[in-house]
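Visitor: build me a structure from this.
(chains A and B)
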Protein chains: 2
Amino acid sequence: MSVLVVGSVAFDCVRTPSGQADNILGGSASHFSVTASYFAPVNVVAVVGDDFGEEHLEVFRGRPIRLDGLERAPGKTFRWRGEYPENMNEAKTLETQLNVFEQFNPKIPPAYLDSELVFLGNIDPTLQRRVREQIPKARLVGLDTMNYWITGTPEELKKTLAVVDLVLVNETEIRMLSGHHNLRKAAARIHKMGPRMVVVKRGEYGVIMFTQGMTFFVPAYPLEEVHDPTGAGDSFAGGFMGYLAQAGDFSESSLRRAMVYGSVMASFAVEGFGLRRTLSLTRGEIDARFREFKSMTHFDV
Amino acid sequence: MSVLVVGSVAFDCVRTPSGQADNILGGSASHFSVTASYFAPVNVVAVVGDDFGEEHLEVFRGRPIRLDGLERAPGKTFRWRGEYPENMNEAKTLETQLNVFEQFNPKIPPAYLDSELVFLGNIDPTLQRRVREQIPKARLVGLDTMNYWITGTPEELKKTLAVVDLVLVNETEIRMLSGHHNLRKAAARIHKMGPRMVVVKRGEYGVIMFTQGMTFFVPAYPLEEVHDPTGAGDSFAGGFMGYLAQAGDFSESSLRRAMVYGSVMASFAVEGFGLRRTLSLTRGEIDARFREFKSMTHFDV
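Guide: Sure, this is the predicted structure:
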């Protein structure tokens, strides 16, 4: 199976307690696609500007990533500048330049129409829904969102939630979206809005998946150093959906493994600035860390 | 094997967003002993005042809990009054009356000297060490502490840490105690101070155990309602050490199961005010929830 992702491709300037990096390739579609490409073919839908050169495209080459849907528009590529405090918990955005992203109207190339999994990165929910409607045959559609859309365009977001299978949000977001502080109640509320799978990302505390029949926890990998949390959520999504595309089914057993692969990929992502660590991975390293998660969580009954 | 606990027996007045209860039996030794008694015989060392009547002793009767070491002193029993905010994260102490606890000098009855496990509840580290020294043959000694001792009597606490095997602390406490924010580094620092096992309690995010060869995570049971978090940490310790006493060994496999039983018992404890829910349990309910933890955490490799 292949995975389609729609989201941002960006140039990021990031400062964290462990250092800084300027004008590095970032954005949800970049993090998701490179990560998912370790598991399955990925079809990218995004927009870049005139300043996006051959050297940037190099990042995607040699991987099973199709770029037919990477639109080039006149102007500059989306830019984000942010910094993280000592505890690395949440980025403080210092500057956002939407640039070509402002007029982005995602179009799905014919070659992408058989994508069985779709990841709607964190963009305007109206655009997310437009993409979802262009791929009616998709078997699993996942959505990321953020406070900006939850408070800014709640009605549009609700319409979009009604047509997706999976939502990936953090604790603050699920509480805002559902109106419940308790995560179990919050997830039950989201299930009623449409998505039958809810993944709650809790940063250093790991992730939880709620379906109607299952609650499943994965801790965050206990790193000694986090260099750059940017893209951790999209890397999780890339590992999660990429693994499901590889597995070819959405059984409970595959969903559990997908949660672990998502956690594995997020843990690698934060070990380096931008895509540095993710780009250097081997499947052997990924599978070794996957097995470490087993030893950190399993016990005999 | 039997477990000895030294700690407080108290009357608590607790207010939480879900209600309030006045003058209920509390204190670390009460929560620990009732919880651990589902698994193994418990020997209590604590002090109560004249106001501690037969009706309060009833709570311990009919369970494998020895009270030879429950000293009765002239005066009033220790009292604590506190309340929890909406998110239930941390109690705000409104009043503490040490009463008979102020002059507490724990003495170990001869009948307790063969206790193989010892839990040093959160009291003055000098008293903790004095207890530990009275039971030289103990095979596993666990210690709880708090910010008050970490900042107030750091040198005494260090001496006590040097003679225990296990420390149970929360995230704030381990960071203060070790001087490291990163939990992996913090645990490595604690290992150097003496305890070969470090358990970090993260409230709604569960618990982690660090030994020199193992990192093991257990999530918190996802309850829809938390009625009263008081005693959750001591209930965890009671389930953890009680299970180890029942198992009769401290193998890695037993330590993992002990972490889960601790989490099971803490999850029940917070379902009711004070000891209400814990007192009503059956071993069948405990084991059923233990199996639920497996289904919430296991995956096929």
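Visitor: neighbours of residue A:50, how many?
Guide: 12 (other Cβ atoms under 10 Å in any protein chain shown). In short, each C-beta sits where N, CA and C put it, glycine included.
Visitor: distance of it relative to residue A:138?
Guide: 32 Å (Cβ to Cβ, to the nearest Å).
Visitor: next one: residue A:168
Guide: Distance from residue A:168 to residue A:138, by Cβ to Cβ: 16 Å.
Visitor: with neighbour numbers in mind, choose between these two.
Guide: residue A:168 (28 against 20).
Visitor: nearest residue to that one in space, ignoring adjacent ones along the chain?
Guide: Closest residue to residue A:168 apart from its sequence neighbours, by Cβ to Cβ, 6 or more residues apart in numbering or on different chains: residue A:199 at 4.6 Å.
Visitor: which of the helices or strands spans the one you found?
Guide: strand A:197-201 (DSSP states H and E).
Visitor: sheet partners, orientation included, of the helix or strand that that strand is followed by?
Guide: Next helix or strand after strand A:197-201 toward the C-terminus (DSSP H and E): strand A:207-210. Applying DSSP bridges to the sheet, strand A:207-210 is found paired with strand A:197-201 (antiparallel), strand A:215-218 (antiparallel).
Visitor: would you agree the residue nearest to residue A:168 is in contact with residue A:207?
Guide: Yes - between residue A:199 and residue A:207 a contact is recorded at 5.9 Å, counting by Cβ atoms under 8 Å.
Visitor: tell me, how many residues neighbour residue A:19?
Guide: As a measure of burial, residue A:19 has 10 neighbours, counting by other Cβ under 10 Å.
Visitor: what's it sitting at in phi/psi?
Guide: Phi and psi for residue A:19, reported as degrees, to the nearest 10, are phi 150, psi -170.
Visitor: from chain B, how far off is the residue nearest to residue A:168?
Guide: According to Cβ to the nearest Cβ, to the nearest Å, residue A:199 and chain B sit 14 Å apart.
Visitor: quick check: buried residues in stretch A:107-118?
Guide: Buried positions in stretch A:107-118, judged by neighbour count with 16 or more other Cβ atoms under 10 Å in any protein chain shown: A:108, A:112, A:115, A:116, A:117, A:118.
Visitor: brain fart, stretch A:285-301
Guide: Those would be A:286, A:289, A:290, A:292, A:293, A:296, A:297, A:299, for stretch A:285-301 by 16+ other Cβ under 10 Å.
Visitor: that one and chain B, are they touching?
Guide: Yes - counting by Cβ under 8 Å from any Cβ of the partner chain, chain B has neighbours in stretch A:285-301: A:290, A:291, A:294, A:295, A:296, A:297, A:298, A:299, A:300, A:301.
Visitor: which of the helices or strands spans the residue nearest to the last one when sequence neighbours are not counted?
Guide: In this case it means residue A:301. Closest residue in space to residue A:301, ignoring its immediate chain neighbours: residue B:294 at 5.5 Å, by Cβ to Cβ, 6+ apart. Assessed by DSSP H and E, residue B:294 sits inside helix B:283-297.
Visitor: which residues are contacting that helix?
Guide: Applying Cβ atoms under 8 Å, 6 or more residues apart in numbering or on different chains, the contact partners of helix B:283-297 are A:214-217, A:297-299, A:301, B:38, B:218-219, B:221-222, B:257, B:260-261, B:263-265, B:267-268.
Visitor: what residues does the stretch 51-200 of chain A put near chain B?
Guide: Applying Cβ under 8 Å from any Cβ, one finds that the stretch 51-200 of chain A approaches chain B through A:86, A:87, A:181, A:182, A:183, A:184, A:185.
Visitor: okay, the residue nearest to the fourth one when sequence neighbours are not counted: pLDDT?
Guide: Taking Cβ to Cβ, 6+ apart, and ignoring the residues beside it in sequence, residue A:182 has residue B:224 as its nearest neighbour in space, at 5.9 Å. Model confidence at residue B:224, expressed as pLDDT, equals 93.
Visitor: check residue A:87 too.
Guide: So residue A:87 comes in at 79 (pLDDT).
Visitor: can you get me a residue count around it?
Guide: Neighbours of residue A:87 using other Cβ under 10 Å come to 11.
Visitor: OK, contacts around the nearest residue to it once chain neighbours are set aside?
Guide: Excluding the flanking residues, the one nearest residue A:87 by Cβ to Cβ, 6+ apart is residue B:181, at 7.1 Å. By Cβ under 8 Å, 6+ apart, the contact set of residue B:181 is A:86, A:87, B:175.
Visitor: if I look at residue B:181, how far off is residue B:189?
Guide: 11 Å.
Visitor: one more: residue A:262?
Guide: Residue A:262 is 31 Å from residue B:189, by Cβ to Cβ.
Visitor: okay, those two: which has more neighbours?
Guide: Neighbours around residue A:262 and residue B:189, counted as other Cβ under 10 Å, are more numerous at residue A:262. The numbers are 28 against 15.
Visitor: how about the more buried one: what's its closest non-neighbour residue?
Guide: Nearest one to residue A:262, counting by Cβ to Cβ, 6+ apart, is residue A:240 at 3.6 Å.
Visitor: let's see the pLDDT reported for the one you found.
Guide: The model's pLDDT for residue A:240 equals 98.
Visitor: which element, helix or strand, includes it?
Guide: helix A:232-247.
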